[in-house]
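Enquirer: following is a predicted model, sequence given first.
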Amino acid sequence: MYSKLSRIQDAFRVFEEIPIRDYTTYNSLMCGFGSNGFYEEAVVIFDQMLESDFFPNVASISYAIRACGELGSLDRGSLIHDCVIKNGLYSDVPIVNSLISMYIKVGRLDLGRQVFDDTPKKDIISWNSMITGYARSGYWVEAFELYISMRKFENLDPSRVTFLGLALACGQAHNLDLGKTIHGYLIRSGLMSDVRLGTSIVDMYSKCGAVKFARSVFEEDLPEKSLISWNSLLAGYSQNGYNHEAVLLFQQMFVDANLKLDAFTIANVVPAYANSADLQGVRSIHSIIVKNGLELDGDIVLGTAMVDAYGKCSDIEAATSVFNCIQNPSAVTWNVMISGYVLNRHAEQGIPLFLEMLNSNVFPDSITMVMLFQSCGELGSLKQGSMLHGYCLSKGFDSHATVNNAMIDMYIRCGCMKSSQVLFNSMPHKNVVTWNTMLGGYVKRGHSAMALKLFLCMQLENMHKPDLVTMISIIQACTYISGGRGGEMVHGFALKLGLDSDTLVANSLVDAYAKNGLIIEARSLFDQMDRLRDQSSWNVMIAACGVNGKGEETSSLFLQMEEDGFEPNSITFVSLLSSCSHSGMINEGCHYFDLMVSKYGIQPSLEHLTCIIDMFGRAGRLQEAYQLIKNGHHEGSNCNLLSDCDAVWRFLLSACKTNIIMELGKLAGEQLSRSAPDKCGYHTLLSNLYASGSKWDEAAKVRKIFEDGKLTKKRGWSLAMM
DNA sequence: GTAGGGTTAG
């Protein structure tokens, strides 16, 4: 009685007090433990039973097998399996079914299949368990083969559960065609009115990325919707990048009084907020979690999603604090935490966190390695990266293509092209990302010719079709090869590969033509783009005019851009300002700067300010640039670039040197000596400024301070070493 | 006594 009321402690107390026990006592207690999730306890009772006078009967054995499956305990499960064989229970179908299910739950599909093949008697449950087992792991071929055998050789009719399994197989394998067939069959047989089956079809379409179909099934085919139906559609939106739709659906669910949202709902909507970098949204979800009494620590998936969300929204403190709340972080939790640190410019936390992870006995997976290589690459830490490379070899992670790709990227970022090449050449199973990483690496490091050579190899090998990412890298490579015809060449590639109608590719091509000085070709391609144009296209075209000295064309482009409904962004103004600077259009430049701040409310960035300095510098009117920035338009903002940003001062100082403007240069030098005394770069700049103005004494003085500084440092080191 | 729809990282 107590067991059925979920008051398992009381049940156990009563059990302890019963002096004379029989099968029913043991079985009902095991059943009680099992159905309340106390599998460990169920197994303990089973052990006690073995020691007692009552040998377990079929019911107790099947309870015990189930408990082993839930616990993931292969060893215990196999022991009971032996016991089943010894006692001649192999002809009991439910026992055999429990064994199949247990092996599948502990992740041993092969052993489950062995039992399935060996057993003389099977029923629909045996077939369904095996089909669902394959389906969960995405082995749709095996799942369907079994289904066909079942119909053909056993003449068994499929049940609803069979179709749940088959729909799941299609979803896991992203097999949309087969999924549609199943859907059609369910409609014809009138089974779609079953909420579970209908929901499994929504889920199948969601997993196949066909969210429109998922939505229409949800709306039209489901006469009755459960919370799971809603959650399945929400997952479909969220996982396929339909963030806005996911949020809207969630809000609809939130106001619907008949729905009591659960951890699945929340875990599904969180990535939608996270991927649109909506910190407010994530915070509101956090408060919903608290209000609904859903513990972040209680559901590891939800907790992990929250850590990830805060990380992606740049609130690393909140991410850390959620992470610290989680008692038993999973490997995924550790992974998202490491990733959060890398994203938020704290890559140095990667390795220490990894060591902590190992300490807490959570085994890292291939994604952990990918994250750690990212952090080493970000830090340029070749030493840590190489050590991690060794670790991967010893643990067998080097068999994962993604890990190898991350390693190649790490070596490239650490400036070690040789190692990345060796690794690349040694990889037996490359994928398109491998090629793209290596290609992109050559481009980033300025080895355009090598990139083109590799691109040729890729096509000769003919194993992996170049994709958009390949194309963008190749366009960039061609932008900087000599002869000026790189743009045409790469345009040819894009046409051949059928990638020319992609906006990103077309934008890069416009840029490539422009940088090769072919402004006419750039403009003509830009005009052809028509509906393909996005905001970035306009930015690229404006910049293209700028570098080719066509400053006057930018104003009309800017007007057209606004007419076409694209609002200029920060990058647009960088392009505009740099174009004005190249064409010596100071008045227009000032006008755009003013427009940017007052009309569009965009805070000037370092790039904008360097354009301004460059623009005035070219005319020898640096004092005005200084005034503009100083009096500028950033009053009231938190960040005053002139007092906070050394880079602006350094750029100003450097411009003063070129223009031999002593007073302002000195001012910039003094500012730098105050704000960045440890960085010696400014000494050189300042002494060069004095030297170019023939103020040799001052130049020498600055140099002396610089040399002395170095000397002190050296002395400090020798002292420390003694 | 056995099977049975949904969740996180790249």
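Expert: Nice, I can see it.
Enquirer: how is chain A divided into domains?
Expert: What the record gives for chain A is the domain set A:1-121, A:645-722, from automatic domain parsing.
Enquirer: what residues does the stretch 201-350 of chain A have near DNA strand B?
Expert: Within the stretch 201-350 of chain A, the residues that sit near DNA strand B (Cβ under 7 Å from any atom of the strand) are A:203, A:207, A:226-229, A:231-232, A:235, A:238-239, A:262-265, A:267-268, A:271, A:299-302, A:304-305, A:308, A:330-333, A:335-336, A:339. From N, CA and C alone the C-beta is placed, and that goes for glycine too.
Enquirer: how about a cut-off of 6 Å?
Expert: Residues of the stretch 201-350 of chain A lying close to DNA strand B (Cβ under 6 Å from any atom of the strand) are A:203, A:226-229, A:231-232, A:235, A:239, A:262-265, A:267-268, A:271, A:301-302, A:304-305, A:308, A:332, A:335-336, A:339.
Enquirer: how about the stretch 1-150 of chain A?
Expert: Within the stretch 1-150 of chain A, the positions near DNA strand B by Cβ under 6 Å from any atom of the strand are A:58-59, A:62, A:66, A:92-95, A:97-98, A:101, A:124-125, A:128-129, A:132.
Enquirer: any chance of the domains of chain A in JSON lines, plus mean neighbour count and mean pLDDT?
Expert: Putting these into JSON lines (neighbours: other Cβ atoms under 10 Å; pLDDT from 0 to 100) gives the following:
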{"stretch": "domain A:1-121", "mean neighbour count": "17", "mean pLDDT": "83"}
{"stretch": "domain A:645-722", "mean neighbour count": "16", "mean pLDDT": "74"}
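Enquirer: mind checking the ones you listed for the one nearest to A:Gln374?
Expert: Shortest distance between A:Gln374 and the domains of chain A, using Cβ to Cβ, is found for domain A:645-722: 25.3 Å.
Enquirer: who's in contact with A:Val476?
Expert: Heads up, residue A:476 is Gln, not Val. Residues near A:Gln476 by Cβ atoms under 8 Å, 6 or more residues apart in numbering: A:Val443, A:Ser508, A:Ala512.
Enquirer: looking at the residues of the stretch 1-150 of chain A next to DNA strand B, which is nearest A:Lys657?
Expert: Ranked by distance to A:Lys657 (Cβ to Cβ), these are led by A:Thr132 at 73.3 Å.
Enquirer: against which helices or strands is the helix or strand the closest one falls within packed?
Expert: Take DSSP states H and E as the rule and A:Thr132 turns out to sit in helix A:124-136. In terms of contacts (3 or more Cβ pairs under 8 Å, 6 or more residues apart in numbering; DSSP states H and E), helix A:124-136 is packed against helix A:93-105, helix A:109-118, helix A:140-153, helix A:160-172.
Enquirer: the inter-axis angle of the shortest one versus helix A:124-136?
Expert: Here helix A:109-118 points in a direction 150 degrees away from that of helix A:124-136 (axes from the mean of the first three to the mean of the last three Cα atoms, to 10 degrees).
Enquirer: same for helix A:109-118, what does it pack against?
Expert: Under the contact criterion of 3+ Cβ pairs under 8 Å, 6+ apart, helix A:109-118 touches helix A:93-105, helix A:124-136.
Enquirer: which residues does that helix contact?
Expert: If you take Cβ under 8 Å, 6+ apart as the criterion, helix A:109-118 is touched by A:81, A:90, A:96, A:99-104, A:122, A:126, A:129-130, A:133-134, A:137, A:139.
Enquirer: that older thread, may I ask which of the contacts of A:Gln476 has the most neighbours?
Expert: Within the contacts of A:Gln476, A:Ala512 tops the neighbour count with 29 neighbours, counted by other Cβ atoms under 10 Å.
Enquirer: residues in contact with that residue?
Expert: Applying Cβ under 8 Å, 6+ apart to A:Ala512 gives the contacts A:Ile475, A:Gln476, A:Cys478, A:Thr479, A:Gly486, A:Gly487, A:Val490, A:His491.
Enquirer: so of those residues, which ones are in helices?
Expert: Within those, residues falling in helices by DSSP state H are A:Ile475, A:Gln476, A:Cys478, A:Thr479, A:Gly486, A:Gly487, A:Val490, A:His491.
Enquirer: got any ranges where chain A has weak pLDDT?
Expert: Counting by pLDDT under 70, chain A shows low-confidence ranges at A:1-16, A:19-21, A:23, A:482-484, A:632-644, A:676-681, A:709-722.
Enquirer: which parts of stretch A:355-363 are buried?
Expert: Neighbour-count burial for stretch A:355-363, with 16 or more other Cβ atoms under 10 Å as criterion, is recorded at A:Met357, A:Val362.
Enquirer: could the C-alpha coordinates of that stretch be exported in CSV?
Expert: Taking Å, rounded to 0.1, in the frame of the first residue of the first chain, the C-alpha atoms of stretch A:355-363 are listed here in CSV:
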residue,chain,number,x,y,z
LEU,A,355,41.7,20.2,-14.7
GLU,A,356,38.9,20.8,-12.3
MET,A,357,36.6,18.7,-14.5
LEU,A,358,39.1,15.8,-14.5
ASN,A,359,39.4,16.2,-10.7
SER,A,360,35.6,15.8,-10.3
ASN,A,361,35.7,12.6,-12.3
VAL,A,362,33.7,13.8,-15.2
PHE,A,363,35.2,12.3,-18.3
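Enquirer: what about that stretch, distance to the chain center?
Expert: Averaging C-alpha positions (Cα atoms, centre = their mean, to the nearest Å) puts stretch A:355-363 22 Å from its chain's average.
Enquirer: before we move on, what about stretch A:128-136?
Expert: Centroid separation between stretch A:128-136 and its chain, computed with Cα atoms, centre = their mean, is 30 Å.
Enquirer: circling back: need the contact partners of the helix holding A:Thr132.
Expert: By Cβ under 8 Å, 6+ apart, the surrounding residues in contact with helix A:124-136 are A:93-94, A:96-97, A:100-101, A:104, A:109, A:112-113, A:116, A:119, A:140, A:142-143, A:146-147, A:150, A:154, A:156-159, A:161-162, A:164-166, A:168-169, A:172.
Enquirer: that helix to helix A:93-105, inter-axis angle?
Expert: Helix A:124-136 runs at 10 degrees relative to helix A:93-105, counting by the same axes, to 10 degrees.
Enquirer: list the contacts of the residue in the stretch 451-600 of chain A that DNA strand B sits nearest to.
Expert: Closest contact between the stretch 451-600 of chain A and DNA strand B, by Cβ to the nearest atom of the strand, is at A:Val469 (13.2 Å). Contact analysis of A:Val469 by Cβ under 8 Å, 6+ apart lists A:Val432, A:Val433, A:Asn436, A:Gly440.
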